[in-house]
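*Asks:* Would you be able to build a 3D model of this:
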Amino acid sequence: MTPVELSRTVLRAVRRAVDEGELRVAVPERAVVTVPGPGGCGDYATNIALQLARPAGHTPQRVAEILRPHLLGADGVDDVVVTGPGFINFCLTGSTPMALVEDILRRGPRYGFADGPSGQVVQLHCPREVRAVVVMDAVARILRSQGALVRTRCEARPEPLWQDVLGVDIDAYGRPAAPAPLDVGGHPVPAPLDVDIRPLPAPGDPVPLGADAARWALLHPAAHDRPRVTDEHLVQRESNPLFRVRYAHARIRATTRNAADLGFTSEPGPAPASPAADLGVSTEAGPARTPQTTPLAAPPEATAPVTPLAAPPEATAPVTPLAAPPEATAPVTPLAPTPETAALLAPLADHPRILAAAATHRAPDRLARHLVTVADAVLVLLPAVLPRGAEKPSVAHRARLALAEAAGAVLAGGLSLLGIDAPEHI
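*Replies:* Below is the predicted model of the structure:
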């Protein structure tokens, strides 16, 4: 379940509580769902109870307790816990990091896209100005990813280079007295929502920068901020966010190729949760190991001191628990929650919400900034993905490679919505 789906679940719970007379409030248009804050728990949390407390005439804790039974029965919700002044925390079914990575790899660059048409029809209009045209093109791509039917219109025919170099795609030119009718398969659709796209104009011609740098220069700043149309977007160094995003994608693709050369591929399955595994130490070395045992299960260096004690019968008892205690033979924790993995898993899980927000607010800059966050997080993880020195590829390496490839899918999908190339090499 994505944050967007969970937000809809929360609103349905509020609506049921209102219908049953438990709450006397107007059902809000949206419910904010975020990762739990300090003192919270689970996968996500919402402050909807605090939002409704005053109009309902109850304390936030009371509102949360009223909503809790309606939320517990929802599909995909495993548990609901009320914490603090009335925050509602959710534990989701199958919400493990491994499940998230598997879902992203299954969907690929379309992770976060709508599964089908949303029924929304949007007619976008913009002036004949290069930034407005590029922003409208990106907004149209994002809206279509969320299932909307979109038509774009510019006040006049754009410059040919805007289409040839910047890759913008405009459906029509001029503004008719009434919106043009839209139809799907010969069937009329509801009246479109008319939206004007009017960001601050670009201070110069971005075309000489090339498609990728020009589009990033126009899309990365918020609509009310003036873009910097300079060659700083072409510089291949850490200070350039576009370079970091594209470099991260290229590094991920190179890491996948290098892993194949070493004879292993990604697998979102269990990665050891021990400090040794988190540092990239192989857990498959040693005759007493199996892929399902943790690094505590009789490492080779631990067997040498106990060998002389193995002969006396009375000495065998103390060392027996070190061989394979029940807790050491249990399946290992999937994708150990290290600071590096947690810093990447959070924005990956948040990607569907970011896409939905970018579509709702017609704000491709939100997606651009989100991609920078994902890129910076995965670049920290990448050095631990491949074995080092004499190490053998382990379960931990395969799991971290899967996590990195999931980040690559998010970067590729996000860049495509911005109309920017996701390079294999850089």
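*Asks:* Compute the distance between residue 68 and residue 19, please.
*Replies:* Separation of residue 68 from residue 19 (CB to CB, to the nearest Å): 17 Å. C-beta coordinates here come from the backbone N, C-alpha and C atoms, glycine included.
*Asks:* Equivalent analysis for residue 148, please.
*Replies:* 29 Å.
*Asks:* what's the answer for residue 171, then?
*Replies:* Counting by CB to CB, the gap from residue 171 to residue 19 is 42 Å.
*Asks:* between the two, which one's more packed in?
*Replies:* When neighbours are counted by other CB atoms under 10 Å, residue 171 and residue 19 differ, and residue 171 comes out ahead with 13 against 10.
*Asks:* was I right about the more buried one contacting residue 152?
*Replies:* Yes: Residue 171 is in contact with residue 152 according to CB atoms under 8 Å; the separation is 4.8 Å.
*Asks:* shared neighbours of the two, anything?
*Replies:* Contact with both residue 171 and residue 152 is made by no residue, according to CB atoms under 8 Å, 6 or more residues apart in numbering.
*Asks:* Do you have the helices of the stretch 301-426 of the chain handy? List them.
*Replies:* Secondary structure of the stretch 301-426 of the chain (DSSP state H, counting those that start in this stretch): helices at 313-323, 326-329, 339-360, 364-381, 395-417.
*Asks:* Give me the angle between the longest one and helix 364-381.
*Replies:* Here helix 395-417 runs at 160 degrees with respect to helix 364-381, directions being taken by axes from the mean of the first three to the mean of the last three CA atoms, to 10 degrees.
*Asks:* For helix 395-417, could you pull out the residues that count as buried?
*Replies:* 395-415, 417 (16 or more other CB atoms under 10 Å).
*Asks:* three-state assignment of the closest residue to residue 84 other than its chain neighbours?
*Replies:* Leaving aside its chain neighbours, residue 84 sits nearest to residue 39 (5.3 Å; criterion: CB to CB, 6 or more residues apart in numbering). Classification of residue 39 by DSSP: H, G, I helix; E, B strand; the rest coil places it in coil.
*Asks:* so residue 39 makes contact with residue 86?
*Replies:* No: contact criterion CB under 8 Å: residue 39 and residue 86 do not qualify, at 11.9 Å.
*Asks:* Between these two, which has more neighbouring residues?
*Replies:* Neighbour totals were compared for residue 39 and residue 86, and residue 86 leads with 22 against 11 (other CB under 10 Å).
*Asks:* Pull the contacting residues for the nearest residue to that one once chain neighbours are set aside.
*Replies:* Of all residues not flanking residue 86 in the chain, residue 60 sits nearest, at 2.7 Å (CB to CB, 6+ apart). Neighbour list for residue 60: 49-50, 53, 85-86 [criterion: CB under 8 Å, 6+ apart].
*Asks:* which one of the residues you listed sits closest to residue 165?
*Replies:* Closest to residue 165 out of the contacts of residue 60 is residue 50 (49.4 Å), distances taken as CB to CB.
*Asks:* which phi and psi does the closest one have?
*Replies:* phi -70, psi -30 (degrees, to the nearest 10).
*Asks:* Next one: residue 45 from residue 370, what distance?
*Replies:* 20 Å.
*Asks:* More neighbours: those two, which one.
*Replies:* Neighbours per residue (other CB under 10 Å) separate residue 45 from residue 370, with residue 45 holding more: 24 against 20.
*Asks:* Am I right that the more buried one is in a helix?
*Replies:* No: counting by three-state DSSP, residue 45 is not part of a helix but strand.
*Asks:* element containing the closest residue to it other than its chain neighbours, please.
*Replies:* The shortest distance from residue 45 to any non-neighbouring residue, by CB to CB, 6+ apart, is to residue 36 (4.2 Å). Using DSSP states H and E, residue 36 maps to neither a helix nor a strand.
*Asks:* ok, how many other residues are close to residue 132?
*Replies:* 24.
*Asks:* helix, strand or coil for it?
*Replies:* When classified by three-state DSSP, residue 132 comes out as helix.
*Asks:* looking at the sheet around the residue lying closest to it once chain neighbours are set aside, what are its partners?
*Replies:* The shortest distance from residue 132 to any non-neighbouring residue, by CB to CB, 6+ apart, is to residue 126 (4.0 Å). Beta bridges link residue 126 to residue 154 when assigned by DSSP bridges.
*Asks:* for the stretch 1-150 of the chain, what spans make up the helices?
*Replies:* 3-19, 48-56, 60-72, 97-107, 130-145.
*Asks:* What are the buried residues along the fourth one?
*Replies:* Buried residues in helix 97-107, counted by 16+ other CB under 10 Å: 97-98, 100-105, 107.
*Asks:* Between those residues, which sits nearest residue 232?
*Replies:* Distances from residue 232 to the buried residues of helix 97-107, taken by CB to CB, are shortest for residue 104, at 31.6 Å.
*Asks:* Am I right that that closest one is in contact with residue 349?
*Replies:* No: assessed by CB under 8 Å, residue 104 is found out of contact with residue 349, at 9.2 Å.
*Asks:* thinking again about what came up before, looking at the helices of the stretch 301-426 of the chain, which is nearest to residue 266?
*Replies:* helix 395-417 (3.8 Å).
*Asks:* what's that closest one packed up against?
*Replies:* When contacts are defined as 3 or more CB pairs under 8 Å, 6 or more residues apart in numbering; DSSP states H and E, helix 395-417 sits against helix 97-107, helix 130-145, helix 241-261, helix 339-360, helix 364-381.
*Asks:* where does it sit relative to the chain's centre, distance-wise?
*Replies:* 10 Å (CA atoms, centre = their mean, to the nearest Å).
*Asks:* Ok, stretch 233-240 next?
*Replies:* That offset, for stretch 233-240, works out to 24 Å (CA atoms, centre = their mean).
*Asks:* about what we covered before: could you save the helices of the stretch 301-426 of the chain as JSON lines and add columns showing mean pLDDT and distance to residue 217?
*Replies:* Compiled in JSON lines, these are given as follows (pLDDT from 0 to 100; distance: least, CB to CB, whole Å):
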{"stretch": "helix 313-323", "mean pLDDT": "42", "distance to residue 217": "60"}
{"stretch": "helix 326-329", "mean pLDDT": "40", "distance to residue 217": "54"}
{"stretch": "helix 339-360", "mean pLDDT": "89", "distance to residue 217": "18"}
{"stretch": "helix 364-381", "mean pLDDT": "96", "distance to residue 217": "10"}
{"stretch": "helix 395-417", "mean pLDDT": "96", "distance to residue 217": "14"}
